[in-house]
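Visitor: sharing a model prediction with you, sequence too.
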Amino acid sequence: MVANRQDAWTKDEDNYLAEVVLKTINEGSTQLMAFKVVAKNLSRTAAACGYRWNSFVRKFYKEEIEKAKNSSKKQAVHSNEVEPTRDLETITNQTHEDATTEKGHSEITFESVYKFLEYLRLKVDAGGRIKDIQSLEKKLLKYKQENEQLKIEKQQLVEKLNELQNEYEHLFDFLDQKRKIVNVSSKNDTKVK
């Protein structure tokens with residue numbers, strides 16, 4: 001019997017992954033950006049999406065990948081870009097500069113706005129992750145300190161417990177001795193009469 005994993009990829013998810021990756025390649029962006037987008041929408045990690053793409057899905061889309069790469073290169077040449085696949089930060093910075101300079105008078109396209117907003121979102125997410133990591137590191141340090149304090153307290157309690165057990169044993173020994181003395185003296189009293 002073959003058990004299905006709860007996190008197994010469905011055909012629809014594979015198709016969505018391929019669609020987004022091909023679209024980003026076609027637009028001149030990186031596959032990593034596609035993995036991040038897919039990860040967000042499918043509640044998976046970018047690493048999981050990249051692994052699925054490279055290990056399984058990519059082999060079914062070899063021709064489409066080449067077409068997308070060629071299309072991306074042609075778009076780059078037509079738009080006088082030096083590199084066909086610039087990173088998102090460079091693209092968004094240029095888009096932002098074009099939009100804010102009065103000399104440019106270039107049209108702001110939906111795609112350039114989308115790329116800029118996506119870049120900002122990633123930047124905010126990265127900043128949030130850094131704060132999360134710092135917060136977790138502080139908590140970890142606090143828990144380590146508490147753990148050390150608890151270890152010291154535990155050791156003190158173990159020592160106190162050992163002392164009490166020794167005293168308890170001594171008390172019973174003392175009581176046994178007294179009981180024997182009382183028993184002996186009571187036997188002697190009964191014999192004398």
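Guide: Thanks, I have it.
Visitor: can I see the domain layout of the chain?
Guide: 9-85, 87-193 (automatic domain parsing).
Visitor: most packed of those?
Guide: Mean neighbour counts were compared across the domains of the chain using mean count of other C-beta atoms under 10 Å; the top stretch is domain 9-85, at a mean of 16. Quick note: C-beta positions are derived from backbone N, CA and C, even for glycine.
Visitor: roughly how far apart are I133 and L17?
Guide: Applying C-beta to C-beta, to the nearest Å, one obtains 28 Å for the distance of I133 from L17.
Visitor: from E63, how far out is the residue nearest to Y16 when sequence neighbours are not counted?
Guide: Nearest non-adjacent residue to Y16, counting by C-beta to C-beta, 6 or more residues apart in numbering: V38, 6.6 Å away. Here V38 is placed at a distance of 21 Å from E63 (C-beta to C-beta).
Visitor: let me know the helix or strand that I181 is in.
Guide: When elements are defined using DSSP states H and E, I181 is found to belong to helix 110-192.
Visitor: also G28?
Guide: Assigning secondary structure by DSSP H and E places G28 outside every helix and strand.
Visitor: separation between the residue nearest to it when sequence neighbours are not counted and I108?
Guide: In space, G28 comes closest to S72 once its chain neighbours are excluded; the distance is 4.5 Å by C-beta to C-beta, 6+ apart. Taking C-beta to C-beta as the measure, S72 falls 21 Å from I108.
Visitor: same check, this time on I25
Guide: For I25, the distance to I108 equals 24 Å [C-beta to C-beta].
Visitor: try K154
Guide: Distance of K154 to I108, computed by C-beta to C-beta: 65 Å.
Visitor: what stretches of the chain score poorly on pLDDT?
Guide: Scanning the chain with the threshold set as pLDDT under 70 gives 1-5, 74-107, 126-128, 189-193.
Visitor: if we go to 80?
Guide: Judged by pLDDT under 80, the chain has its weakly predicted residues at 1-7, 71-108, 120-134, 184-193.
Visitor: chain center to stretch 56-64: distance?
Guide: Taking the mean C-alpha point of stretch 56-64 and that of its whole chain, the gap between them comes to 29 Å (C-alpha atoms, centre = their mean, to the nearest Å).
Visitor: start to end distance for that stretch?
Guide: 15 Å (C-alpha to C-alpha, to the nearest Å).
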